[in-house]
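> Structure for the following, please:
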Amino acid sequence: MNLQKEKWRKRERRHLRVRQKVYGTKERPRLAVYKSLKNIYCQLIDDSEGNTLVSASTLSPGIKEQVPYGGNKKAAELVGQKVAEEAKKLGIEKVVFDRSWYKFHGRVKALADAARKGNLRF
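Residues are numbered from 1 along each chain as shown. Alright, predicted model coming up:
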């Protein structure tokens, strides 16, 4: 089997395993994270209705001005702070963290820690 196909197959299985356990509601939405090489994105999702409540990324106007490159931990921390601020405006305090298929380290961990400092509870 091709090594690249095997890598993606394992990644898909990890993603499905995480998503089986994580479900967002209006009271406790899902904090979903996606990262590319140059940017990181996150959003609060209400899975019961299929709505995105809050979103933030390194391409957001306030964050893009602060960091020239969005693929590092500093940028991930700013995104975590931004999503926590927006969630607070909507009265959201508790979330379920969805790391997708990513390991909980590096930029994903930096984003989660910044969201926790912004008083979001996982």
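> Show me the strands in the chain, by range?
30-35, 40-46, 51-57, 96-98 (DSSP state E).
> lowest-confidence stretch among these?
Lowest mean pLDDT within the strands of the chain: strand 96-98, at a mean of 91.
> tell me how far that one is from the chain's mean position?
Strand 96-98 sits 8 Å away from the centroid of its parent chain (Cα atoms, centre = their mean, to the nearest Å).
> quick revisit: and the strands of the chain: which comes nearest Asn72?
strand 40-46 (9.1 Å; Cβ to Cβ). (Each C-beta comes from the backbone N, C-alpha and C, glycine too.)
> Now tabulate the strands of the chain in CSV and tack on mean neighbour count and distance to Arg17.
Formatted as CSV, these follow (neighbours: other Cβ atoms under 10 Å; distance: least, Cβ to Cβ, whole Å):
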stretch, mean neighbour count, distance to Arg17
strand 30-35, 21, 15
strand 40-46, 22, 18
strand 51-57, 18, 23
strand 96-98, 20, 12
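> so which of those gets nearest Gly70?
strand 40-46 (6.4 Å).
> who does the closest one touch, helix- and strand-wise?
Counting by 3 or more Cβ pairs under 8 Å, 6 or more residues apart in numbering; DSSP states H and E, the packing neighbours recorded for strand 40-46 are strand 30-35, strand 51-57, helix 73-89, helix 107-117.
> Thank you kindly, that will do.
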